[in-house]
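Q: need a structure here:
(4 chains)
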Protein chains: 2
Amino acid sequence: MTVTIKDIAKVAGVSYSTVSKALNNSPLVKEITKRKILKVAAEMGYEPNLAAKQLVRKKTDVIGLMWPTIERIVLATLVTNISKAFETTSYSMILSVDAPETAMDTFKKFQVDGMIVFGESNSITVSTENIPVVIYGVSGKNESAYPIIDANHEASMQKAVQHLVELGHRRIAYIGHLDQEDALQSEKVEGYEKAMKHFKLDENITIINSNGLNWFDGYTATDIMLEQDKRPTAIIGGSYDISGGILRALQEKGVQVPEDISIVSYDNIPQMATMEVPMTCAGVPVDVLAEEIVHSIIERIESDEEIELVKKLSPTLTERESTGPPPEIL
Amino acid sequence: MTVTIKDIAKVAGVSYSTVSKALNNSPLVKEITKRKILKVAAEMGYEPNLAAKQLVRKKTDVIGLMWPTIERIVLATLVTNISKAFETTSYSMILSVDAPETAMDTFKKFQVDGMIVFGESNSITVSTENIPVVIYGVSGKNESAYPIIDANHEASMQKAVQHLVELGHRRIAYIGHLDQEDALQSEKVEGYEKAMKHFKLDENITIINSNGLNWFDGYTATDIMLEQDKRPTAIIGGSYDISGGILRALQEKGVQVPEDISIVSYDNIPQMATMEVPMTCAGVPVDVLAEEIVHSIIERIESDEEIELVKKLSPTLTERESTGPPPEIL
DNA sequence: AAAATAAATAACAACGTTGTTATTTTTATG
DNA sequence: CATAAAAATAACAACGTTGTTATTTATTTT
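A: You can find the predicted model right below:
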């Protein structure tokens, strides 16, 4: 038998409503009785019944995270960070790896107070009724019905290019997955182009399609790139995995990083520091991103005012050993 | 305002207890009233309140999955499969990527009916009270307090070696992560050794430590292996990622797979089919594994009898293009 | 057609909380 | 030291279900 507030009440010799108040640290109960009740509760191993509480409070203090594609390491890191960020709040998080519809059903069933959705807003096909939602993705052109946390790929690319330009680079290539369907990827390429133009490097724009987001895709793309006659002195990798492949390909061809070629990677996760060559990277640090997402959904739940629809975050450039001045060109 | 059974009752002109029965398809209510009530409920967009139901039923129909290390692709695939497997049951699954203690707290709070734990039984440090638990891991020597689903690494290795022996191989090497702490890894190596001895290939036992479970670890280990004078004609890779690295390293050195060297990988996931060279692999197919895990926890919840403590599954050898007869040796 | 039985529905008490209202106890006031 | 005011506690009605018991209605049986 599980112990309820009524059991505690009996033992402590008070009414159960007093127990309820004491457990919620209400100012309506005297300090000394509060302490006594808390002590009894602890001794009896009391665990509150969420269902009962939920039934009367109409609130679960639970937020659902929809995460349909679990096989990408950067997102896995983000999820871990979000989960950690929730620990300091009064909310719990539940995770669903199901298809959006199924996930939504589960969340509705659990009557979550809010939802975090990875991906574009159009991944929400079912009605969310009036459950607050925050999306992590790309704000894009067309307006979304839900607030979006945008990691600001364009600004990241700007920072990456700027860093390399300041080091003296001019021939800066971009290797990434070129996918019209994927707004995330497109924004990176466009950001790169924009930045190059901004620094008057229009004719040096070199974009290589890795045709995928995996380690090996970056590897292959780099091989192809190295065969071309005019090598760039710096490469921007479109993602953690791709940059890993780029680095490996260069190493194998005996190209020194950063002496011969510098690399900056998109994605700002701690793992960048433990790569073969610690990687300079541009992007919103994953812990900041997590904090921001968690903060946003809670604000949206608790505040009545409409929050801003698009929140573009400020990326950081973290300098490590994969970037340096370009080699002297003979 | 959400619609409750009382609202339906009013509209349908019956008592709310009749509505409850009708919605649960009870034989105590006449077919015609049942239909009427169901129709009204649908029209009003009724969604049952889980908390209320839970409060009286003392059951949540929810199972928690503890998954502390989300960054391994094989486990991610398993999670996806488990999630899918639950869809055909009356249970829902919630996922926690937190540390075991935190995860356990969350699950207790949600009053899950059961828990699935990845890893060894000693990862459960907190009391599970009387929540049914099923562990996916290694049964090992010392008895566990909880039922274990064991993917039977030893038998997998036996199958891998047998397959290669039948093809005519004798010099079969094993490349994997040698970690005393990790029972999963140790069992694979031991299984390999046992199988080699079983086929009287004691003096051909070659074990190379990849010092890690990543793609690159397999890659490096293979490089080292190729420098040795007597090459094996076949390699067993300890995991999906490691095998990927092995394959890549061989390709780069111009070693043909399977003409020059055959590879069998541990881990039986669909992704094996889409590698550079479709990979022959040994292990319990991930969908079978998922079904078994889901079935076990549900059985443990619903059946009063004690279920067997250790369930060793039967691995499958899936033959693909990475294995063939050994080259003629001059 | 009245009495006995069966079938269908209604009434109501749980379940474990919270929050509001009613009562008791304590403290301050004249 | 009675009395008013304040503080502390108790009582009780929700919340939306389920399952048990009580009541009504329909169907047999004599």
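Q: A:Ser156 is in contact with A:Glu190, correct?
A: No: with contact defined as CB atoms under 8 Å, A:Glu190 and A:Ser156 do not form a contacting pair (11.8 Å). No exception for glycine: its C-beta is placed from N, CA and C like everyone else's.
Q: more neighbours, the two?
A: When A:Glu190 and A:Ser156 are compared for neighbours, A:Ser156 comes out ahead with 29 against 13, by other CB atoms under 10 Å in any protein chain shown.
Q: And for the more buried one, nearest residue in space, chain neighbours not counted?
A: If the residues on either side of it in the chain are set aside, A:Ser156 comes closest to A:Pro315, at 4.0 Å by CB to CB, 6 or more residues apart in numbering or on different chains.
Q: so the one you found makes contact with A:Glu154?
A: No: the criterion here is CB under 8 Å, and A:Pro315 misses it with A:Glu154 at 9.2 Å.
Q: quick one: which of those two has more around it?
A: Per other CB under 10 Å, whichever of A:Pro315 and A:Glu154 has more neighbours is A:Pro315, with 25 against 20.
Q: Spit out the contact partners of that one.
A: A:Ala151, A:Asn152, A:Ala155, A:Ser156, A:Lys159, A:Asn268, A:Ala282, A:Gly283, A:Val284 (CB atoms under 8 Å, 6 or more residues apart in numbering or on different chains).
Q: Then A:Met272?
A: Counting by CB under 8 Å, 6+ apart, A:Met272 has contacts A:Tyr240, A:Ser265, A:Pro278, A:Met279, A:Thr280, A:Cys281, A:Thr318, A:Arg320.
Q: same deal with A:Thr316?
A: Neighbour list for A:Thr316: A:Lys159, A:Asn268, A:Ala282, A:Gly283, A:Val284, A:Pro285, A:Val288 [criterion: CB under 8 Å, 6+ apart].
Q: By neighbour count, which of those wins?
A: Highest neighbour count within the contacts of A:Thr316: A:Gly283, with 31 neighbours (other CB under 10 Å).
Q: secondary structure class for the residue in the stretch 201-330 of chain A that DNA strand D sits nearest to?
A: In the stretch 201-330 of chain A, the residue that lies nearest DNA strand D is A:Ile301 (19.1 Å; CB to the nearest atom of the strand). Put simply, A:Ile301 is helix when judged by DSSP: H, G, I helix; E, B strand; the rest coil.
Q: That one: neighbour count?
A: Under the neighbour criterion other CB under 10 Å, A:Ile301 is assigned a count of 17.
Q: what's the answer for A:Glu31, then?
A: Residues within reach of A:Glu31, counting by other CB under 10 Å, total 9.
Q: Could you check how far it is from A:Met44?
A: 21 Å (CB to CB, to the nearest Å).
Q: per-residue pLDDT, the residue sitting nearest the centre point of chain A?
A: In chain A, the residue lying closest to the centroid (CA atoms, centre = their mean) is A:Leu78, at 4.2 Å. The model reports A:Leu78 with a pLDDT of 92.
Q: Spit out the contact partners of it.
A: Contacts for A:Leu78 (CB under 8 Å, 6+ apart) come out as A:Tyr136, A:Val286, A:Leu289, A:Ala290.
Q: Phi, psi for the first one please.
A: Spelled out, that is A:Tyr136. Here is the backbone geometry of A:Tyr136 (degrees, to the nearest 10): phi -100, psi 110.
Q: and it, how far is that from A:Tyr146?
A: Where A:Tyr146 is concerned, A:Tyr136 sits at a distance of 11 Å (CB to CB).
Q: list residues touching both of the two?
A: Residues touching both A:Tyr136 and A:Tyr146 (CB under 8 Å, 6+ apart): A:Val117.
Q: Secondary structure, distance to A:Leu55 and pLDDT added to the contacts of A:Pro315, as TSV?
A: Converted to TSV, these look like this (DSSP: H, G, I helix; E, B strand; the rest coil; distance: CB to CB, whole Å; pLDDT from 0 to 100):
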residue	secondary structure	distance to A:Leu55	pLDDT
A:Ala151	coil	39	92
A:Asn152	coil	42	93
A:Ala155	helix	46	96
A:Ser156	helix	46	97
A:Lys159	helix	50	97
A:Asn268	strand	43	96
A:Ala282	strand	48	98
A:Gly283	strand	43	97
A:Val284	strand	39	97
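Q: can you tell me which residues contact A:Val189?
A: A:Tyr174, A:Gly176, A:Leu178, A:Ile207, A:Gly238.
Q: who wins for neighbours among those?
A: In terms of neighbour count, A:Gly238 stands highest of those at 31 neighbours, by other CB under 10 Å.
Q: just how off-centre is the helix or strand containing A:Ile82 within its chain?
A: Assigning secondary structure by DSSP states H and E places A:Ile82 in helix A:73-87. Helix A:73-87 sits 7 Å away from the centroid of its parent chain (CA atoms, centre = their mean, to the nearest Å).
Q: got the angle between it and helix B:73-87?
A: 70 degrees (axes from the mean of the first three to the mean of the last three CA atoms, to 10 degrees).
Q: now the angle between strand B:92-96 and whichever helix or strand comes after helix A:73-87, please.
A: On the C-terminal side of helix A:73-87, the closest following helix or strand by DSSP H and E is strand A:92-96. Calculated by the same axes, to 10 degrees, strand A:92-96 forms an angle of 120 degrees with strand B:92-96.
Q: could you say what helices and strands strand A:92-96 packs with?
A: strand A:62-66, helix A:73-87, helix A:100-110, strand B:92-96, helix B:100-110 (3 or more CB pairs under 8 Å, 6 or more residues apart in numbering or on different chains; DSSP states H and E).
Q: Against DNA strand D, how distant is A:Val19?
A: Taking CB to the nearest atom of the strand, to the nearest Å as the measure, A:Val19 and DNA strand D are separated by 8 Å.
Q: what are the phi and psi values for that residue?
A: phi -60, psi -50.
Q: isn't it right next to A:Val11, touching?
A: No: with contact defined as CB under 8 Å, A:Val19 does not count as touching A:Val11 (9.7 Å).
Q: So those two - more neighbours on which side?
A: In this view A:Val19 and A:Val11 are compared by other CB under 10 Å, and A:Val19 has more residues nearby, 27 against 16.
Q: so what's that one up against?
A: Applying CB under 8 Å, 6+ apart, we find A:Val19 in contact with A:Ile5, A:Lys6, A:Ile8, A:Ala9, A:Ala12, A:Ile37, A:Ala41.
Q: close to DNA strand D, is the lowest-mean-pLDDT helix or strand in chain A?
A: The helix or strand of chain A with the lowest confidence, counting by mean pLDDT, DSSP states H and E, is helix A:100-110 at a mean of 86. No: figure legend: helix A:100-110 not in contact with DNA strand D (CB under 7 Å from any atom of the strand); closest approach 11.6 Å.
Q: The helix or strand just after that helix - contacts with which helices or strands?
A: Sequence order places strand A:114-118 as the next helix or strand after helix A:100-110, per DSSP H and E. If contacts are counted by 3+ CB pairs under 8 Å, 6+ apart, strand A:114-118 sits against strand A:62-66, helix A:100-110, strand A:133-137, helix A:286-302.
Q: hang on, the earlier thing: any of the contacts of A:Met272 buried? List them.
A: A:Tyr240, A:Ser265, A:Met279, A:Thr280, A:Cys281, A:Thr318, A:Arg320 (16 or more other CB atoms under 10 Å in any protein chain shown).
Q: I appreciate the help and will end here.
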